[in-house]
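**Student:** 3D, please:
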Amino acid sequence: MRHQHCYEAKQLLRDHLNQLKGGRDDQDIQQQQQPLPPPTLQRTVMTTTTTTTTTTTTTTSTTIITFQTILGSKYIRHLIFNQTGVIQKQLRRTITEYCWHRNATLDTLTHLLKWSNGFEFKWKYLNDAIDGKRNIRIKIFNQEILEYLIKICPSQEKGFLDKAMNMACKCGYLSVVKMLHSKGVELNSNHMLLACQAPLIDVIKFIHGGIRKYIGLIDEAAKNSLDIVKFLHYNRTEGATTAAIDNASMNGHIEIVKFLSEHRSEGATTKAMDMAAERGFIDIVKYLHFKRREGATNRAMNYAIQNGYVDIVKFLHQHRTEGLPPDALEKAVQHGHFDVIKYVYENQIETTIDIKIEGDAIVKGNIEMVKYLVETVKAKCTSNTVGAALKCGKLDIYQYLYDRFSANDREDIWTPFIMDCAAQSGYIDIVKHLHFNRTVGATTNAMDWASMYGHIEIVKFLQEHRSEGASTYAMDWAAQKGHIEIVKYLHFNRSEGCTIRALEYSCRHGHVEVLSFLINVRNLKCNENILGDRYLLMDGKQDIFKLILPHFVGDDGIKSIERIIIEMKSLHFYEAKQLLRDYLNQLKGDDQDNNQQQQSLPPPQQSNTNPLKNLIDWIKSTQKSNPNH
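**Tutor:** You can find the predicted model right below:
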């Protein structure tokens, strides 16, 4: 390291080396200062002490020697200290992201900063995250951390202070609002609107005096806080709109609905009862029905049926006249709401009765509901019904449907799709039963899906007993899921093979063993699209890179890797970037060595000249160009 400018790393290593040496000296001094044992025990203690001292000294000496050996290796030094920049970038980003973690604490943050000498926050990254420019929108939950960031924020980072004021108003952090205001951050009507979303009234009281008339404050506050609604009603003149009661109804705030209805005159719209019915707020539905005149639309009944609020369905049916769409019962079946189905059907609410039991009804329903639909409502079953029971593991429903419909060969129920679903779900006994007792068979989906979900015994059974075969999806999907045994079985026992997707999936998901098999046994070659895959680069798994980088050689390999590095410029995939740079340097070095080697070779022999003469001429020309030799 003597000629390298890795000052921090040098100092850390020197400190640790001195600590190791100092620890050994301290142990010697401590042993010298210990009082001697009684004469009768001196021999035993001396023997034990000598052994312990020897062991400790040997361990410490070995550690020091190992440490010095590591530092003495140019190669290892290069590997360690060539990554200091990468580590620093990662550290900076990670600590910055910690600030907005839901469980972050100021104590932990200060310790992280203390351990990271010379750390500076990445303010632009923090600002972009707050604005949602990095596909995330963050909020700093811990008030102490927000205050700390404000205190250390450089004056030129005014953008962060403005965003901090927005967060403080929205969260109700009065002390933070005052701190920022004292630093010159001006308050405006937008901050007032944000403060209406806060759970506490303190910020509103602090800033409302300096804010001019702004329509919409009560409408916003009605979503959240009765106290703020009352304060704005009694202390400001903007008033409200019909959105106030609509918002309060939508969010379940019955007391706000009552206050606005009794103290203000803007009224509401039909949206109030519709949204209250959709979200199950029956007390608000009843209040709006008995105390107000806006009413509702048929969406209220429709929403209540879809979401299973049978008490609201009953109330609307008994007290209102809007009715409901003709497909309401079908939607209740789709969502698996048995109580609603029974009420709608038994009370003959206007609706069509031609109902099918589709997949969603099986997923969200139960055996009692299915029996009721089949036997009472006379709902229609199809292969999708039986297949859904297998896919979601509801074997009681499958058995019921099989017993009820197995006597007849209905083409709309007993199709190859049934065995396909059984194979997908891993039910080998059902696969065997269908194979030996029914004649509808399966499709290539059976083996494809069994391969995807790792059911190797089903794959083997289908291979040995059926003739539908598979498609390239079988090995592709098995590779995607990392099922190496299935990949091998398909390779050695079937001829469909796979596509380049198998290589892509195994790289992306880090299945090293599968990737090795595809490359070394199936001879698949990696291309630039696979190496440049975002998910592969994000993980930066060295084992994967070691397998696929050798596919990139020569000028084409250099150009491909250079293009990928350029495309990664704005991404924070530090490990992958470094791996690619290292390999690129290796490629360029090998290419340069090959060029030098070719230049140092004698010219190729010509068939019409004397080979010996050519060699002598080349030696002479070399001596002339290098007179010192």
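**Student:** From here on, just use CA atoms for contacts and neighbour counts.
**Tutor:** Noted.
**Student:** mind listing the strands for the stretch 301-450 of the chain?
**Tutor:** Shown for the stretch 301-450 of the chain, no strands are assigned by DSSP state E, counting those that start in this stretch.
**Student:** May I ask which helix or strand encompasses the residue nearest the centre of the chain?
**Tutor:** Geometric centre of the chain, nearest residue: Tyr535, 10.9 Å, by CA atoms, centre = their mean. Taking DSSP states H and E as the criterion, the element that holds Tyr535 is helix 534-539.
**Student:** still on that earlier bit, what's the distance between the residue nearest to the centre of the chain and Tyr505?
**Tutor:** Between Tyr535 and Tyr505 the distance is 10 Å, computed by CA to CA, to the nearest Å.
**Student:** Also Leu515?
**Tutor:** Using CA to CA, one obtains 9 Å as the distance from Leu515 to Tyr505.
**Student:** Quick check: neighbours shared by those two?
**Tutor:** Listed contacts common to Leu515 and Tyr505 are Ala479; contacts here mean CA atoms under 8 Å, 6 or more residues apart in numbering.
**Student:** Which of these two has more residues huddled nearby?
**Tutor:** For Leu515 and Tyr505, the more surrounded residue by other CA atoms under 10 Å is Leu515, and the numbers stand at 27 against 22.
**Student:** Name the nearest residue to that one, ignoring sequence neighbours.
**Tutor:** Spatial nearest neighbour of Leu515, excluding adjacent residues (CA to CA, 6 or more residues apart in numbering): Ser506 at 5.7 Å.
**Student:** what pLDDT does the one you found get?
**Tutor:** At Ser506, the model reports a pLDDT of 96.
**Student:** Off-centre distance for the particular helix or strand that has it in it?
**Tutor:** For Ser506, the element it lies in under DSSP H and E is helix 500-508. Helix 500-508 sits 20 Å away from the centroid of its parent chain (CA atoms, centre = their mean, to the nearest Å).
**Student:** Sort out which residues of that helix are buried, please.
**Tutor:** 501-508 (16 or more other CA atoms under 10 Å).
**Student:** Which single one of these is nearest to Asn103?
**Tutor:** Proximity of the buried residues of helix 500-508 to Asn103 was ranked by CA to CA; the top entry is Arg508 with 30.7 Å.
**Student:** Report the mean per-residue pLDDT for the helix or strand hosting Leu149.
**Tutor:** Using DSSP H and E, Leu149 sits in helix 143-152. Helix 143-152 comes out with an average pLDDT of 92.
**Student:** just checking, what packs against it?
**Tutor:** helix 106-115, helix 158-171, helix 174-182 (3 or more CA pairs under 8 Å, 6 or more residues apart in numbering; DSSP states H and E).
**Student:** ok, now with 7 Å
**Tutor:** Using 3 or more CA pairs under 7 Å, 6 or more residues apart in numbering; DSSP states H and E, no helix or strand is in contact with helix 143-152.
**Student:** quick revisit: JSON lines for the buried residues of helix 500-508, including distance to Phe119?
**Tutor:** Shown next, in JSON lines, are the buried residues of helix 500-508 (distance: CA to CA, whole Å):
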{"residue": "Arg501", "distance to Phe119": "43"}
{"residue": "Ala502", "distance to Phe119": "43"}
{"residue": "Leu503", "distance to Phe119": "41"}
{"residue": "Glu504", "distance to Phe119": "38"}
{"residue": "Tyr505", "distance to Phe119": "38"}
{"residue": "Ser506", "distance to Phe119": "38"}
{"residue": "Cys507", "distance to Phe119": "35"}
{"residue": "Arg508", "distance to Phe119": "33"}
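**Student:** Glu468 touches Ala446, doesn't it?
**Tutor:** No: counting by CA atoms under 7 Å, Ala446 is not a contact partner of Glu468; they are 8.6 Å apart.
**Student:** Looking at the two, which has the bigger crowd around it?
**Tutor:** In terms of neighbours (other CA under 10 Å), Ala446 is the more surrounded of Glu468 and Ala446; the figures are 28 against 15.
**Student:** Surely that one touches Asp420?
**Tutor:** Yes: taking CA under 7 Å as the definition, Ala446 is a contact partner of Asp420 at 4.1 Å.
**Student:** which residues of this protein score low on pLDDT?
**Tutor:** Within the chain, the segments meeting pLDDT under 70 span 1-86, 131-137, 349-353, 409, 590-629.
**Student:** residues contacting Glu278?
**Tutor:** Going by CA atoms under 7 Å, 6 or more residues apart in numbering, Glu278 touches 300, 303-304, 307.
**Student:** Filter those down to the ones in helices?
**Tutor:** Mapping the contacts of Glu278 onto helices (DSSP state H) picks out 300, 303-304, 307.
**Student:** Buried residues in stretch 397-417, which are they?
**Tutor:** Within stretch 397-417, the residues scored as buried using 16+ other CA under 10 Å are 397-398, 401, 413-417.
**Student:** cool, and stretch 487-498?
**Tutor:** For stretch 487-498, the neighbour count (16+ other CA under 10 Å) marks 487-488, 490-491, 497-498 as buried.
**Student:** Thanks a lot, catch you later.
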